[in-house]
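> Sequence plus predicted model, see below.
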Amino acid sequence: MKRKTFDRLLSAAGAMLSVVLIVAGGMLLWGANFANNQVNTQLKDQNVFFPKAGSPGFDAKKFPEIQKYAGQQMTTGQQAKDYANFYIAVHLKGINGGKNYAETSADALDATSKAGQAALAAEASPDDMDLTAAAEQAQVDADVLDTKVQTLFRGETLRGLLLTSFAFWQVGQIALISAYFAFAAGVVMLLLTLLGFAHLRKTPADAQI
C-alpha cells in the first residue's frame, strides 16, 4: 500500500473520530444540563430550607454534617442527599428506637392484635377494672405505634425521593465530566488529524509502507 493512501485513510478516520467525540461531548453536555436543571427546578418548587443556625432542633453536635447549609434553600442534589442522610434519617432513628417503617409496622400490627384481645377480655369481665385499664392502655400503645408508622412512612418516602433526586443529579455530574473528556479527546484527535493531513502533503507519491 502506498504511504499516501495509508496516511489519507488514517487522517480520514481521525477526522471522523473527532466529529464523533465532539458530537458525543455535546450530547453529554446537554444531558448534564438537563439533569441538573430538572433537579434544581424540582427542589426549588418544594421550597425546602435547612434550619437556621442555632435554631431549636438543629443542634450542631447532633447535625454537624449539615451546619454549612444552615438557612439555605435546598437546590442541589448534594444538598438533597445530605438533608436525607443527615437530617431526616437522624429524626427517623429517634421515632421508634432506631426501627424503620417495616419493623415499626410489624410492632403496630402486633400491638393492635393485643389491644383487640385485651378489649375482648375486658368485655367478658366488665366488672374487672384491671382488665378494663389494661385494654385501654393496650389501645393507647397501639395508637401510638400507628402514629409512628405513619410518621416513618412519610419520612422514609421523603428521604427516598430526595435520594432519587441526588441519584439523578449525580448522573448529570458524571455526564458533565464525560462531556469534558469527550471534548478534550475530540480536540486532541482533531489536532492529530490536521497534523496527519499536513504530513500527507510531504509524503512522496511513490512511498510505500
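Right, received. Where do you want to start?
> tell me which element the residue most central in space within the chain falls in.
Note on the chain: the residue nearest the mean C-alpha position is F166, at 2.5 Å, using C-alpha atoms, centre = their mean. Per DSSP states H and E, F166 falls inside helix 129-202.
> Let's verify D127: helix, strand, or coil?
coil (DSSP: H, G, I helix; E, B strand; the rest coil).
> Can you list the low-confidence ranges for the chain?
1-7, 199-209 (pLDDT under 70).
> The residue lying closest to the residue nearest to the centre of the chain once chain neighbours are set aside: helix or strand, and which one exactly?
Closest residue to F166 apart from its sequence neighbours, by C-beta to C-beta, 6 or more residues apart in numbering: K81 at 3.9 Å. Where C-beta positions appear, they are placed from N, C-alpha and C, glycine not excepted. Secondary structure assigned from DSSP H and E places K81 in helix 77-83.
> ok so, going back, how far off centre is the helix holding F166?
Relative to the centre of its chain, helix 129-202 is centred 1 Å away, using C-alpha atoms, centre = their mean, to the nearest Å.
> hang on, isn't A122 packed against Q137?
No - the criterion here is C-beta atoms under 8 Å, and A122 misses it with Q137 at 10.8 Å.
> Looking at those two, which is more packed in?
A122 (19 against 12; other C-beta atoms under 10 Å).
> dump the residue contacts of the more buried one.
Residues near A122 by C-beta atoms under 8 Å, 6 or more residues apart in numbering: D128, L131, T132, A134, A135.
> Filter these down to the buried ones, ChimeraX style.
Of the contacts of A122, the buried ones go into a single ChimeraX selection, burial set by 16 or more other C-beta atoms under 10 Å:
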select :131,132,134,135
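> contacting residues around A182?
Each residue near A182 by C-beta under 8 Å, 6+ apart is listed here: L21, I22, A24, G25, L28.
> How much space separates it from A60?
43 Å (C-beta to C-beta, to the nearest Å).
> again with A12
Per C-beta to C-beta, A12 is found 63 Å from A60.
> angle of the strand or helix carrying S18 against helix 129-202?
Counting by DSSP H and E, the element that carries S18 is helix 3-46. Relative orientation of helix 3-46 versus helix 129-202 (axes from the mean of the first three to the mean of the last three C-alpha atoms, to 10 degrees): 150 degrees.
> which helices and strands sit right next to helix 3-46?
Contact partners of helix 3-46 among helices and strands, from 3 or more C-beta pairs under 8 Å, 6 or more residues apart in numbering; DSSP states H and E: helix 77-83, helix 129-202.
> Tell me who's in contact with L158.
A84, I88.
> correction: T112
When contacts are counted by C-beta under 8 Å, 6+ apart, T112 touches A142, D146.
> Which helix or which strand is home to it?
Assigned by DSSP H and E, T112 falls within helix 101-124.
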